[in-house]
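Novice: This is a predicted model, with the sequence first.
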Amino acid sequence: MIKTNRVIHKWLSLAVSLPLLIIVVSGILLLTRKEFAFIQPETQKGIGQVPSISFEQILALAKSVKQAQINSWDAIDRIDVRPQKGIVKVRAKSSWEIQIDSQTGEILLVAYRRSDFIESLHDGTFLHKFANLWLMLPAALGLLALIITGLVLFFWPYYKKRKIRTQSRYF
């Protein structure tokens, strides 16, 4: 049993190492994304807390930022309204983020957002939209098997020693 366990542990660790490495490194980057503007732009602060600009104004301001390549609503991935910060974040499908003061309409920040790409690496959808099921799920199940086989490999010698000790008491 222990020999089979070692073989399973050895080859399974090799098979899941690359997906797990990608998951761990991208997870670390995602955990620290707010610490590094290179990954996710720092959220600016607007003047007020009550948004007063219209969606038409937001679209017009977003269109004025050339690098975002926004020419219609179809080019916008999402709009994030932060009343407490007094801003509206426009996230383009081109991964550019535009932060607009929600009262004055002033563009506060234009920056490239890398966290969405890192997230797609983390969940496997960078490769294919179903890669999280046919790549990352097997890697997670492989990690579970590695944990189980590793625990068996670790505790087996202690179990054998205890078994020998208890048997020797009765003989």
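Specialist: Perfect, thanks for sending it.
Novice: how about the strands of this protein, start to end?
Specialist: Using DSSP state E, the strands found in the chain span residues 76-82, 87-92, 96-101, 107-112.
Novice: Please work out which of these is packed deepest.
Specialist: Highest mean neighbour count among the strands of the chain (mean count of other Cβ atoms under 10 Å): strand 96-101, with a mean of 24. Just so you know, the C-beta spots here come from the backbone N, C-alpha and C atoms, and that holds for glycine as well.
Novice: what's the angle from that one to strand 107-112?
Specialist: Strand 96-101 runs at 170 degrees relative to strand 107-112, counting by axes from the mean of the first three to the mean of the last three Cα atoms, to 10 degrees.
Novice: Please put the alpha-carbon coordinates of strand 96-101 into CSV.
Specialist: C-alpha atoms of strand 96-101 as CSV (Å, rounded to 0.1, in the frame of the first residue of the first chain):
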residue,chain,number,x,y,z
TRP,A,96,-8.7,50.5,-19.4
GLU,A,97,-10.3,52.2,-16.3
ILE,A,98,-11.5,55.7,-16.3
GLN,A,99,-12.3,57.3,-12.9
ILE,A,100,-14.7,60.3,-13.1
ASP,A,101,-15.7,62.7,-10.4
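Novice: for the chain, which residue is closest to the average position?
Specialist: Taking Cα atoms, centre = their mean, the centroid of the chain lies closest to residue 119, which sits 3.5 Å from it.
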